[in-house]
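> I'll drop the sequence and a predicted model, then ask my questions.
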Amino acid sequence: MEKQVKKRRISRNPLLLMENVLSSTIRNVSKGIIMAKCPVCGKEVSTPKKTWKMAGKPDKSGKRTELTIGLYEHCGKSFRSTLGKKKI
């Protein structure tokens, strides 16, 4: 009998897709500075090239999640990381 492998369903919701991308980046907090880990070489990058805020859809209680996202560049590649999350 063959073992069936469950396929992970990827949502088409842009906010959930963004969460999947951002959750793959490892984040560390060191001395109050948020650092992102480069997906190519694994070194920590401290200063984002660009930051922006994005509001998500309301949850069941009606509150939205505000994400602060940073764009980093290292090893010739650009990658995103979540700098902060808060309910608004």
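Okay, I see it.

> which parts of this structure are strands?
Taking DSSP state E as the criterion, the chain contains strands spanning 27-30, 33-37, 44-45, 50-55, 65-74, 77-87.

> what angle sits between the second one and strand 65-74?
It stands for strand 33-37. Inter-element angle recorded for strand 33-37 and strand 65-74: 60 degrees (by axes from the mean of the first three to the mean of the last three Cα atoms, to 10 degrees).

> helix or strand with the lowest mean pLDDT in this structure?
strand 27-30 (a mean of 44; mean pLDDT, DSSP states H and E).

> one step back: okay, the strands of the chain in TSV with mean neighbour count next?
All C-beta atoms are positioned from the backbone trio N, CA, C, and that covers glycine. Formatted as TSV, these follow (neighbours: other Cβ atoms under 10 Å):
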stretch	mean neighbour count
strand 27-30	11
strand 33-37	18
strand 44-45	16
strand 50-55	12
strand 65-74	17
strand 77-87	15
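
> how about the contacts made by the closest residue to residue 52 other than its chain neighbours?
Leaving aside its sequence neighbours, residue 52 sits nearest to residue 69 (Cβ to Cβ, 6 or more residues apart in numbering; 5.8 Å). Listed by Cβ atoms under 8 Å, 6 or more residues apart in numbering, the contact set of residue 69 reads 18, 22, 51, 52, 53, 54, 80, 81, 82, 83.

> what pLDDT does the fourth one get?
If I follow you right, that is residue 52. In the prediction, the pLDDT value recorded for residue 52 is 94.

> same thing with the second one?
Reading off the per-residue confidence, residue 22 sits at a pLDDT of 47.

> can you check the first one too?
pLDDT, the model's per-residue confidence, is 51 for residue 18.

> just give me the closest of the contacts of residue 69 to residue 38.
Proximity of the contacts of residue 69 to residue 38 (Cβ to Cβ) peaks at residue 81, which lies at 10.2 Å.

> so what pairs up with that closest one in the strands?
When bridges are taken as DSSP bridges, the partners of residue 81 come out as residue 70.

> so where's the protein uncertain?
Along the chain, segments meeting pLDDT under 70 span 1-33.
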